[in-house]
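J.: sharing a model prediction with you, sequence too.
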Amino acid sequence: MATQRYNAGIQRAKGLLEIAAGLYDSSLSYQTQRAAENVLQTDTDLGRVLRLSLGTKKSETRPEVTLSFITGSFREIIAVGQGHCSLAWVNPSVLLTMAYRGTGPFPKRLPVRTIAVFPSYDVIGFAVHASTGITSLAQIGKDRIPLRISTGVIPKSSLTGNATMFTISAVLKAAGFSLTDLRRWGATLHSAPRPSDPSRRKGIEKGAIDAVFDEGIKSWGKTILEHGFRFLPIDGGVLKTIKALGYRPARMTKTRFNALTEDLQIAMERHNVPSRVALKLVAKLAPMQRDIVTK
């Protein structure tokens, strides 16, 4: 049986791909503990934006297929729609929905399609401390409340460069105000580079923050509930507007609420919290069910 091998060009291309992938498991990477999710996550000092092209030589006589891959957000979807790239991996998926429909930041429909979905429970939440007395997003705009908000990093140029901040901006616009309005009313915006950033948790625990508008609620949701916050509903005209763009509402079901309670109990057991104290904390969570559970 003849020995099989890749041709020299494939060997070089494939070799470089494997080297690049292997760098994420090298000394350039490190691990961080995600306490809220109880996972050990690999992070890296390497870049994470991918631009990969598989091209051909002009000297080739046999027709070859050229492909290009890219990761990113709005601009990368446009690049695919215009034929500059073959495939883009973007997050969240609603970006592609808006591009397909020609809504949001896309003035017209783009000729793009979804070929695969990578499952990710990534939800944006709007939460305020109970002491503010706020029960809806519209109330914030109506009363011009100067909140101390922890949110994502606001791009210097355009919110369309950041999917999270574009979404937050779209929701606030549907509610009748903007981030600029909030600043004009005296609100302060604390930018967190990622949802699980320690500075956010510290601000919540010390009372320096009374609102959180951000994605990745699985990393900060339990913390705010333990410190007297509640999630604001996205309903009525706001929900109608957001759904028209392509977003889908997420519900805090009884199952998810019960999981919050179970996670809290497990965490307290792991940290040797006395049972009498644990019971009191769980009892504090129970009355919040009506504010949290939507179905």
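T.: That came through fine.

J.: per-residue pLDDT of the nearest residue to I115 once chain neighbours are set aside, please?
T.: Using C-beta to C-beta, 6 or more residues apart in numbering and skipping the chain neighbours, the partner closest in space to I115 is L87 (7.7 Å). All C-beta atoms are positioned from the backbone trio N, CA, C, and that covers glycine. Looking at L87, its pLDDT reads 94.

J.: quick check on L87: phi, psi?
T.: Main-chain torsions, L87, degrees, to the nearest 10: phi -150, psi 140.

J.: now do L245
T.: phi -70, psi -30.

J.: adjacent strands (with direction) for the helix or strand containing A127?
T.: A127 belongs to strand 125-129 when elements are defined using DSSP states H and E. For strand 125-129, the pairing partners within the sheet under DSSP bridges are strand 211-214 (antiparallel), strand 229-231 (antiparallel).

J.: any idea how far C85 is from P111?
T.: Counting by C-beta to C-beta, to the nearest Å, the separation of C85 from P111 is 13 Å.

J.: same check, this time on R75
T.: Distance from R75 to P111, by C-beta to C-beta: 16 Å.

J.: do the same with K280
T.: 58 Å.

J.: repeat that for L189.
T.: If you go by C-beta to C-beta, the gap between L189 and P111 works out to 37 Å.

J.: the two: who's more crowded?
T.: L189 (17 against 10; other C-beta atoms under 10 Å).

J.: just the element for the more buried one, please.
T.: Using DSSP H and E, L189 falls in strand 188-191.

J.: got the buried residues for that strand?
T.: L189, H190 (16 or more other C-beta atoms under 10 Å).

J.: give me the next element, helix or strand, following it.
T.: Next along from strand 188-191, by DSSP H and E: helix 198-206.

J.: that next one: how far from the chain's middle?
T.: 19 Å (C-alpha atoms, centre = their mean, to the nearest Å).

J.: same thing with stretch 17-25?
T.: For stretch 17-25, the distance to the chain centre is 25 Å (C-alpha atoms, centre = their mean).

J.: name the helices or strands packed onto the helix or strand I149 falls within?
T.: Using DSSP H and E, I149 maps to strand 148-151. Strand 148-151 sits against strand 188-191, helix 198-206, strand 211-214, with contacts defined as 3 or more C-beta pairs under 8 Å, 6 or more residues apart in numbering; DSSP states H and E.
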